[in-house]
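1. Give me a 3D structure for the following:
(one chain, ligands or ions: 1)
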Amino acid sequence: MGYYRRASSHALRSLKCPSLLSRLSPAPANFDLLHRRLIGGGGGGGAFSSPSFGFSHGFCSHSRSNLKESAVDLSQYPPERIRNFSIIAHVDHGKSTLADRLLELTGTIKKGHGQPQYLDKLQVERERGITVKAQTATMFYNYNHDGLKAEEGHETQAFLLNLVDTPGHVDFSYEVSRSLAACQGVLLVVDAAQGVQAQTVANFYLAFESGLTIIPVINKIDQPTADPERIKAQLMSMFDLDPSDALLTSAKTGQGLEQVLPAVIQRIAPPPGKSNSPLRMLLLDSYYDEYKGVICHVAVVDGTVRKGDKISSAGTGHSYEILDIGVMHPELTPTGVLLTGQVGYIVSGMRSTKEARIGDTLYHSRNTVEPLPGFKPAKHMVFSGLYPADGSDFEVLNHAIERLTCNDASVSISKESSTALGLGFRCGFLGLLHMDVFHQRLEQEYGAHVISTVPTVPYIFEYSDGSKLEVQNPALLPSNPKSRVTVCWEPTVIATIIIPSEYVGSVITLCSERRGQQLEYSFIDSQRVFMKYRLPLREIVVDFYNELKSLTSGYASFDYEDADYQQSDLVKLDILLNGQTVDAMATIVHTLKAQRVGRELVEKLKKFIDRQMFEIIIQAAIGSKVVARETISAMRKNVLAKCYGGDVTRKRKLLEKQKEGKKRMKRVGSVDIPQEAFHEILKVV
Ligand SMILES: Nc1nc2c(ncn2[C@@H]2O[C@H](COP(=O)(O)OP(=O)(O)OP(=O)(O)O)[C@@H](O)[C@H]2O)c(=O)[nH]1
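-> Numbering: from 1, shown residues only. Next up, the predicted model:
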């Protein structure tokens, strides 16, 4: 215990300076304040008394088909009968499964509805088994304060609970912080065997700094390796969470789930808005629906809003009429009205993302109101060019991006062009997984085939005349910038790494190879170590996490947040095919790594570029100095080479396939580059 306390007091010091760093410190500064929030949070009641609760399905048995407007009567839910909470956790600790169980428990979805992780609605989420988009669901729940069952004839009170399931991966923590704006409390879910991991720490501080009530939930207690007592000790040592406040659950078997919603009602405060004040609505999220146009998710902070009302946007000044309004129960369920503290959706004829600004305040056009604080803008960590695989599909890609950014407003988009790839877009993403997911969604949801260029982080180059240039596209940097550049700056991150102690040596080696600087080292318990590093962002965007995982047999967890820029020795590395620069493959690297990266790039390209009718020379160069070179000898790839005999249909199929493949080729000078080559080099740089 002595050790835990030491770790905590260390954190206390770092938290006193309210820098970004503080979010990842192992324990909060003000234990008293935290403790009060954790046990009571202003929501009334400290430790809950395990009431058995009765819930009837009176409000919840609507299927989508038989819903009529106002089938759900929201007027019975004044703010004191509303709880807005979010489920936050490290990746795979069971948020979505727990959300499923709570939806079942309240009759919002049928048990065994046939699709696990109900709120993970996107194809990409189901395929990857991860949540990338926060989802809200409204549940109705009859609660008895005395712990007596409804069916025994005891009086119950109906509560409206808004649950937000959030992503766990670090790239999507922006979704988490936005979701928290609509909540007064969170369920902090921790795996009973894995314990506190890096995103547990990050998410805890997001909730703590937002002043939310935190209910710790130790999940997966059915696992043979579950050790809830050890996890309670970790929660105590790292976050000063009282062990007796922790709920023990298994979202898989249902064990302990009956305590969750009563704890939400008892410990989390109702939304604080004023019913009699003019309407102020926070725009939380939006997506595009082919039939209805833009659907906005909103939280009504003050006042009431009804179908037919005229509303205005504080951000754009545009006015709209509310055409449809309701709650997500869990599908869109019209209610005709949303009251103070309620979270729901509106349809108002907005047509694009430019109109639906996340974090905007919506209000009745007849009033003037003070806009709500909104959200911090998303910080883009990596930039990459997105181009149509077939140059003529630019308009298709343009349309797809326009629609998708409506659902994912955290991407920045501007038009650019490349000699190799034609017209396209420069996009800023929150991380590589985010970039990957964005591509996948463009293809799956909008049928747009894209080629992306080498991702880069935003560097700053300072010139001798004192001017500074932020470079999001290496191609725009002169090939020999050194002549005029006085200082180069690169972005850094503060990384949190949690690992079993036996892997400490290899992880320290990895971090020093990646130019990391250790900031903190402490023990979470006798088996696990918590480390903080300052690392150049560039060193972690590609493959750092995979390497960390493989070095630690999958036991490491990792999270980061952006920090300051640091001076660095950077060069631009060009790729040339038969002497011609491929602008889309240019990259900026640290001088010490330029040679290695150059060699790996040309080797990769050699593997992926097919032999053609002429010799192809692939070179990596810094300015005029070639640092690596490969040659592909001449010959046309004959796809029919293995087709002996005369099966014409098979030959035709192969030729068709080759033709299809050619569509996805990009021509630089006379050299055809397949799409995969662009994808593969992402893994090197
Ligand atoms: N044994 C056991 N497995 C569970 C439990 N809860 C969830 N799981 C499993 O853990 C895995 C991850 O669960 P999810 O609910 O997708 O986790 P998540 O936290 O939502 O994951 P992300 O959205 O990717 O962050 C799935 O295979 C679940 O079936 C539990 O209580 N016990």
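2. only C-alpha atoms for contact and neighbour calcs from this point on.
-> OK.
3. Flag every residue of the protein that's near the ligand.
-> Taking C-alpha under 6 Å from any ligand atom as the contact definition, the chain meets the ligand at 91-97, 129-131, 167-169, 219-220, 222-223, 250-252.
4. Quick one: mean pLDDT for the strand or helix carrying residue 399?
-> Secondary structure from DSSP states H and E places residue 399 in helix 394-407. On average, the pLDDT along helix 394-407 is 85.
5. Identify the bridge partners of the closest residue to residue 325 other than its chain neighbours.
-> With C-alpha to C-alpha, 6 or more residues apart in numbering as the criterion, residue 325 has its nearest non-adjacent residue at 4.4 Å, and that residue is residue 346. Beta-bridge partners recorded for residue 346 (DSSP bridges): residue 296, residue 325.
6. residues near residue 221, how many?
-> By other C-alpha atoms under 10 Å, the residues close to residue 221 number 21.
7. quick one: secondary structure of it?
-> For residue 221, the assignment made with DSSP: H, G, I helix; E, B strand; the rest coil gives coil.
8. quick one: it from residue 258, how far?
-> 15 Å (C-alpha to C-alpha, to the nearest Å).
9. List the residues that contact the closest residue to residue 241 other than its chain neighbours.
-> Nearest non-adjacent residue to residue 241, counting by C-alpha to C-alpha, 6+ apart: residue 235, 5.5 Å away. Counting by C-alpha atoms under 8 Å, 6 or more residues apart in numbering, residue 235 touches 196, 241, 242, 243.
10. now swap in residue 110 and tell me
-> residue 104.
11. Validate this expectation: it resides in a helix.
-> No. Read with three-state DSSP, residue 110 is coil and lies in no helix.
12. That one and residue 159, how far apart?
-> From residue 110 to residue 159 the distance is 19 Å (C-alpha to C-alpha).
13. Ok, residue 345 next?
-> Going from residue 345 to residue 159 by C-alpha to C-alpha gives 19 Å.
14. And these two? Which one has more around it.
-> Using other C-alpha under 10 Å, the more surrounded residue of residue 345 and residue 159 is residue 345, with 25 against 20.
15. from memory that one sits against residue 322, does it?
-> No. Residue 345 is beyond contact range of residue 322, at 10.3 Å (criterion: C-alpha atoms under 8 Å).
16. Mind telling me which residue of the stretch 401-550 of the chain is nearest the ligand?
-> residue 433 (12.0 Å; C-alpha to the nearest ligand atom).
17. Pull the contacting residues for that residue.
-> residue 171.
18. That one is in what secondary structure piece?
-> Using DSSP H and E, residue 433 falls in helix 432-446.
19. ok, now residue 492?
-> Counting by DSSP H and E, residue 492 is part of strand 485-500.
20. Residue 300 now?
-> strand 293-302.
21. For that strand, give the mean pLDDT please.
-> Here the average pLDDT along strand 293-302 is 91.
22. what angle separates it from helix 394-407?
-> 20 degrees (axes from the mean of the first three to the mean of the last three C-alpha atoms, to 10 degrees).
23. buried set for the helix holding residue 433?
-> By neighbour count on 16 or more other C-alpha atoms under 10 Å, the buried set for helix 432-446 is 432, 433, 434, 435, 438, 439, 440, 441, 442, 446.
24. how about those residues, which pair is most distant?
-> 432 and 446 (20.4 Å; C-alpha to C-alpha).
25. I'd guess residue 235 is in a helix, am I close?
-> Yes. Under three-state DSSP, residue 235 sits within a helix.
26. Buried residues, the longest helix seen in the chain. List them.
-> The single longest helix within the chain, with elements called by DSSP state H, is helix 591-608. Neighbour-count burial for helix 591-608 flags 594-595, 597-606, 608 (criterion: 16+ other C-alpha under 10 Å).
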